[in-house]
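S.K.: I'd like to go over a predicted model; first the sequence, then the structure.
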Amino acid sequence: MNAPVKEPVGRKVAGETFLAIDDLTVEYPLGRGRKVHAVTNFTAHVRRGETLGLVGESGCGKSSAARAVMQLPRPTSGSVKLDGKELTGLRGSALQEARRQFQMIFQDPIASLNPRQTVREIVSAPLEIARIGNRAERDARVAEMLDLVGINPEQAMDRRAHEFSGGQCQRISIARALILKPELLVCDEAVSALDVSVQAQVLNLLEKLKKEFGLTMLFISHDLAVVKHVSDRVAVMYLGKLCELASAETIYARSVHPYTRTLLSAVPHPDPDAVPDKIDMVPGELPSPVNPPSGCRFRTRCPRATDLCAKVVPEEREIAPGHLVACHHPLEN
Amino acid sequence: MGEIILDVQNQRTAFATARGSLQAVDGVSFTLERGKTLGIVGESGSGKSVLSRSIMRLLPSTAHTGKGSRVVLNGKDLMTMSEGELRRMRGPEMAIVFQDPMTALNPTMTIGKQIMEVLMFHLKMPKRQARAKAVELLKAVGLPQPDVRVDQYPHQLSGGMRQRVAIAIAIACEPDLLIADEPTTALDVTVQAEILDLLKRMVRERNMAMILITHDMGVVAGQCDDVAVMYAGRIVEKAPVRDLFRNTRMPYTAALLSSIPRVTDPPHRKLDAIEGRPPDLINPPPGCPFAPRCRFAEAACREQVPPLEGPGHHQWACIKPLGEEVAA
């Protein structure tokens, strides 16, 4: 099913590749031959212990890409390898077995916890599914995990999700995600619903746990400042395609893709003396992912677009070691 | 000093709950001049949205407004008005833009009808003229193809376009006061920038006063003349925007500012989180509501609620404000 994957340029980074996403395509059929092109030929390799941030606006495909990595649902085509093992071909119990290695935290902390279950049941569920330990052993593990995420186990174990604040629910979600000691943690807008003071607590907690558990992370967010705080490298997406991929420092200081620059210039700075950046984007609406523009998908909003952009899909090029960009007319950096 | 169009004095709003009375807004006072934008910033539960609804008198029946609360708009006391009088005020004198542009619009009516309704009710405009005005308003808020869009339903529009429509409805009768309650929180960052620019332009062109409610310090910094920081139902610091950021006095404001991740920070910087969580407003702690989380708090802070005081336009509710060490 997989076409021979061409060796991706620029993704070979120092260290061992742990998560290899190659030529990932996610499409949702709409009937009558029409489909949503959620993610198109997305490739990124993440090395062990690294955090890859995935940013972009609504509809850019960042969540679809993350879910395809989780096999929730399986991607339309392409390959997802975790520690060399292909995930897209796994079915049934083999997939369930493999899922111990990769877990996910979702955006809405309250909706992602079963309201009818106690915290004990919620956090121990992965252990039960994996048939690990007896009841007492599982309880001990749950208590240990809750303690690690900053929830008092004695007070919390027998209570239900509605008795906790959003930040506490997100901590419980993290405990559940990490109880099987996964190696890959996918965070999909995991702190977006939280207030800033609580968001800071949860971000610091994730950074601490990443070190303790040696986690590799895929961190999806629309908030560029949050992404910068947790990521080693950052991939910027627009309408299902990768625009730019580089180290976090490079993306924020020396990005060359017009869309990356636009996105960065739109972030409001918490400083009354900051001169607002001019947002260099053609006014208009995001095109439909059902019928994306030909060539470069950003061309309808890009001030630098030419005829070439409409005709030819820009290839991903490595303009500096580890700095990839898919643009015919990149900016000076 | 400009013309004061809004005067809020000692606003107190409580809700009856099963556990007891929840004091959502606890003695808030401020004035607002024409042409100015006041930012009200705070975290969930700080009372900023309840305050906006208290001003608009759009509270549910479970809400109880405290004795001595006064909201005076254009010299008229809203507290003594009947529902009918208030309806006639909402639109021509005060209007609100809500966070979620999908639920704020009626899904069964075209956007044109929703704008025309306001014009026909308040300004007694004939239908034909109202329709032409609706198209004009849609154009003013930057909706592409306004003459086509006017006959479309909300679901046919993107989130950013719906928020533009909500703004068009709010400014249709040229209100003196516009309250924007988290108007861009549900929108993407590039769309947010466009909507904030639009609001700023509308306030300037129409010489309105605006209250911009947000949790985002970045939005406050770029859009407001003055800022009020709310915590546990009270204003804990109020200042011209530069003073608030450059000469922060209230430890809560300082903690909030330093807990924000910034794009200018180096990657993996540890954030200065505020430990703990906001107080339970049914059973608030004694004294300063921030004292349980404040690293500078001492015994006196837990005894009395500090009043909002300060020289000139910069005021804070703290007995141990920051920046006094040097002066002492």
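M.R.: Yes, it's here.
S.K.: Does B:M102 lie in a helix or a strand, and which?
M.R.: helix B:101-104 (DSSP states H and E).
S.K.: and what of B:L212?
M.R.: In this assignment (DSSP H and E), B:L212 forms part of strand B:209-214.
S.K.: Output that strand in PDB with nothing but the alpha carbons.
M.R.: Coordinates of each C-alpha in strand B:209-214 appear next as PDB, following Å, rounded to 0.1, in the frame of the first residue of the first chain:
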ATOM      1  CA  ALA B 209     -16.700  54.300  24.400                       C
ATOM      2  CA  MET B 210     -15.700  50.600  24.600                       C
ATOM      3  CA  ILE B 211     -15.300  48.100  27.300                       C
ATOM      4  CA  LEU B 212     -13.100  45.300  26.000                       C
ATOM      5  CA  ILE B 213     -13.300  42.200  28.200                       C
ATOM      6  CA  THR B 214     -10.600  39.700  27.700                       C
END
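S.K.: List the strands paired with that strand, with their directions.
M.R.: strand B:37-41 (parallel), strand B:177-181 (parallel) (DSSP bridges).
S.K.: Report the separation between the two terminal residues of stretch A:276-289.
M.R.: 30 Å (CA to CA, to the nearest Å).
S.K.: right, I mislabeled it, should have said stretch A:75-87
M.R.: Calculated as CA to CA, the first-to-last residue distance of stretch A:75-87 is 10 Å.
S.K.: What residues of that stretch count as buried?
M.R.: For stretch A:75-87, a neighbour-count test (16 or more other CB atoms under 10 Å in any protein chain shown) marks A:75-83, A:87 as buried. Heads up, the C-betas are built off the backbone N, CA and C, glycines and all.
S.K.: Then stretch A:36-49?
M.R.: A:36-47, A:49.
S.K.: And the strands in the stretch 151-300 of chain A, which stretches?
M.R.: A:184-188, A:216-221, A:233-238, A:241-247 (DSSP state E, counting those that start in this stretch).
S.K.: what residue is smack in the middle of the chain?
M.R.: Defaulting to chain A. A:I220 (3.1 Å; CA atoms, centre = their mean).
S.K.: not what I meant, chain B
M.R.: Note on chain B: the residue nearest the mean C-alpha position is B:I213, at 2.6 Å, using CA atoms, centre = their mean.
S.K.: so how many other residues sit close to residue 270?
M.R.: Answering for chain A, as no chain was given. Using other CB atoms under 10 Å in any protein chain shown, A:P270 has 22 neighbouring residues.
S.K.: Chain B was what I was after
M.R.: 11.
S.K.: re earlier: with secondary structure, pLDDT and distance to chain B as added columns, please give the buried residues of stretch A:75-87 in JSON lines.
M.R.: Formatted as JSON lines, those follow (DSSP: H, G, I helix; E, B strand; the rest coil; pLDDT from 0 to 100; distance: CB to the nearest CB, whole Å):
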{"residue": "A:P75", "secondary structure": "coil", "pLDDT": "96", "distance to chain B": "24"}
{"residue": "A:T76", "secondary structure": "coil", "pLDDT": "96", "distance to chain B": "25"}
{"residue": "A:S77", "secondary structure": "strand", "pLDDT": "96", "distance to chain B": "28"}
{"residue": "A:G78", "secondary structure": "strand", "pLDDT": "96", "distance to chain B": "26"}
{"residue": "A:S79", "secondary structure": "strand", "pLDDT": "96", "distance to chain B": "29"}
{"residue": "A:V80", "secondary structure": "strand", "pLDDT": "96", "distance to chain B": "25"}
{"residue": "A:K81", "secondary structure": "strand", "pLDDT": "96", "distance to chain B": "26"}
{"residue": "A:L82", "secondary structure": "strand", "pLDDT": "95", "distance to chain B": "24"}
{"residue": "A:D83", "secondary structure": "coil", "pLDDT": "93", "distance to chain B": "24"}
{"residue": "A:L87", "secondary structure": "coil", "pLDDT": "96", "distance to chain B": "28"}
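S.K.: For those, which two are the farthest from each other?
M.R.: Greatest spacing in the buried residues of stretch A:75-87, by CB to CB: A:T76 and A:D83 (23.3 Å).
S.K.: Counting neighbours, what do you get for the residue of the stretch 151-300 of chain B found nearest chain A?
M.R.: For the stretch 151-300 of chain B and chain A, the shortest gap (CB to the nearest CB) falls at B:G218, measuring 3.1 Å. When neighbours are defined as other CB under 10 Å, B:G218 has 20 of them.
S.K.: tell me the SS of it?
M.R.: Secondary structure for B:G218, judged by DSSP: H, G, I helix; E, B strand; the rest coil, is helix.
S.K.: my read: it touches A:P276, true?
M.R.: No: counting by CB atoms under 8 Å, B:G218 sits too far from A:P276 to count as a contact (10.3 Å).
S.K.: list residues touching both of those two?
M.R.: A:268-269 (CB atoms under 8 Å, 6 or more residues apart in numbering or on different chains).
S.K.: show me what contacts whatever residue of chain A ends up closest to chain B?
M.R.: The nearest approach of chain A to chain B comes at A:P268, 3.1 Å away (CB to the nearest CB). Contact analysis of A:P268 by CB under 8 Å, 6+ apart lists A:276, B:192-193, B:196, B:216, B:218-219, B:221-222.
S.K.: confidence score at residue 117?
M.R.: Here I'm looking at chain A. Looking at A:Q117, its pLDDT is 95.
S.K.: Can you look at chain B instead?
M.R.: So, for B:E117, pLDDT stands at 95.
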